[in-house]
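Undergrad: Provided below are the primary sequence and the corresponding predicted coordinates.
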Amino acid sequence: MADEIPKGSEPEASESLKTFGEVVKAFRRRAGLTQEQFAPLVGYSVPMIASIEQGRRLPSKEFVDRAEEKLDAFGVIRAAAKHLTRKAGLAKWFEEWADLEPLAVTLYTFETRMVPGLLQTPAYARTLFEKQIPAMSDDKIESNLVTRMERASILTDRPETIYSFIIEEHALRRQVADAEVMRGQIDHILDLGERRNIDIQIMPQARGYHAGLGGPLCLLETEENVWYAYCEGQGTGQLSSDAKEVSMLQQRYARMRTQALSVEASVGLLREIRGAL
């Protein structure tokens, strides 16, 4: 699948992540649980459990607390979590939102500039990293690429989460990469759109005013039914759980869903864009 981590590009897990994973695995086995049995107890998918135990994914605070409780770990899991270090590849101002993404039961994204990160193919993402200013080192490009593809895995790891994406038409027509990469990117979006939990809509260029002219935004709801909003600019990001602000952005997103093309019409436009490449 296009959103899997490319072969040979497995992320280098830090020693602290590996150690934490081994601690969780040891207590899980002590409890006589398989990964398949443990996953529903903590509310995470089996692939997510495997990634954490292998030291490839930073666990959320919720995972740490639930694992500690369900495995009766004498405080050891919480203690091990205090020594975790984040992997490279995420901007500091984006880390909090990235930690929330795997916990979402609902996740909405509106993007005006490019294909949203969660929908990007490795080839498309690599092009963005290679052209970024200031220039990145080869190691930094690889690190960022692996992290982005790991983030995108939530689309398949959490099939019960509802995902909605609204993308400005011009962001899809902008050829940030060669035609082959762009065709692959659009094919990937079309494939993801076939999943029953993923809606992809295009905001057409013919639409004049719409509710998203204030810029890109993201919204998510956690399993505890807490909503968060995230807005991003050049080199900055703002996470908010303020009920008034989140409500305002929810209203805008709801209006945008009525102003964008339907899911079915969006498929037609995507195929048209692909055919013109």
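TA: Ah, there it is.
Undergrad: what about the helices in the stretch 51-200 of the chain?
TA: 61-70, 76-81, 95-100, 122-130, 138-152, 154-157, 169-173, 179-193 (DSSP state H, counting those that start in this stretch).
Undergrad: List the buried residues in the fifth one.
TA: So the one you mean is helix 138-152. Residues of helix 138-152 classed as buried: 141-152 (neighbour count, 16 or more other CB atoms under 10 Å). From N, CA and C alone the C-beta is placed, and that goes for glycine too.
Undergrad: Make CSV out of those residues and add pLDDT and distance to Asn225.
TA: Putting the buried residues of helix 138-152 into CSV (pLDDT from 0 to 100; distance: CB to CB, whole Å) gives the following:
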residue, pLDDT, distance to Asn225
Ile141, 86, 38
Glu142, 84, 38
Ser143, 78, 34
Asn144, 83, 32
Leu145, 87, 34
Val146, 80, 32
Thr147, 81, 28
Arg148, 85, 28
Met149, 86, 29
Glu150, 82, 26
Arg151, 86, 23
Ala152, 90, 25
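Undergrad: Closest to Ala39 out of the residues you listed?
TA: Ala39 lies nearest to Glu150 out of the buried residues of helix 138-152, by CB to CB, at 18.0 Å.
Undergrad: if I look at the closest one, how far off is Val105?
TA: Using CB to CB, to the nearest Å, one gets 20 Å for the distance from Glu150 to Val105.
Undergrad: do Gln35 as well
TA: Relative to Val105, and taking CB to CB, Gln35 is found at 21 Å.
Undergrad: cool, Ile49 as well?
TA: From Ile49 to Val105 the distance is 18 Å (CB to CB).
Undergrad: now Met114: how far from Met182?
TA: Going from Met114 to Met182 by CB to CB gives 12 Å.
Undergrad: Which one of those two is surrounded by more residues?
TA: The residue with more neighbours, out of Met114 and Met182, is Met182; 24 against 18, by other CB atoms under 10 Å.
Undergrad: so that one touches Ala276, yeah?
TA: No: Met182 is beyond contact range of Ala276, at 10.0 Å (criterion: CB atoms under 8 Å).
Undergrad: Report the buried residues of stretch 156-174.
TA: Using 16+ other CB under 10 Å as the test for burial, stretch 156-174 gives 157-158, 161, 163-169, 171-172.
Undergrad: coming back round to it: who touches both of Met114 and Met182?
TA: Val176 (CB atoms under 8 Å, 6 or more residues apart in numbering).
Undergrad: Mind exporting the C-alpha coordinates of the helix-or-strand element of the chain with minimal mean pLDDT to PDB?
TA: Counting by mean pLDDT, DSSP states H and E, the chain has its least confident helix or strand at helix 95-100, which shows a mean of 81. The C-alpha coordinates for helix 95-100 follow below in PDB (Å, rounded to 0.1, in the frame of the first residue of the first chain):
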ATOM      1  CA  GLU A  95       4.200  17.500  18.600                       C
ATOM      2  CA  GLU A  96       1.200  17.900  20.800                       C
ATOM      3  CA  TRP A  97      -1.200  17.600  17.800                       C
ATOM      4  CA  ALA A  98       0.700  14.600  16.500                       C
ATOM      5  CA  ASP A  99       0.300  12.900  19.900                       C
ATOM      6  CA  LEU A 100      -3.500  13.500  19.700                       C
END
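Undergrad: All set now, cheers.
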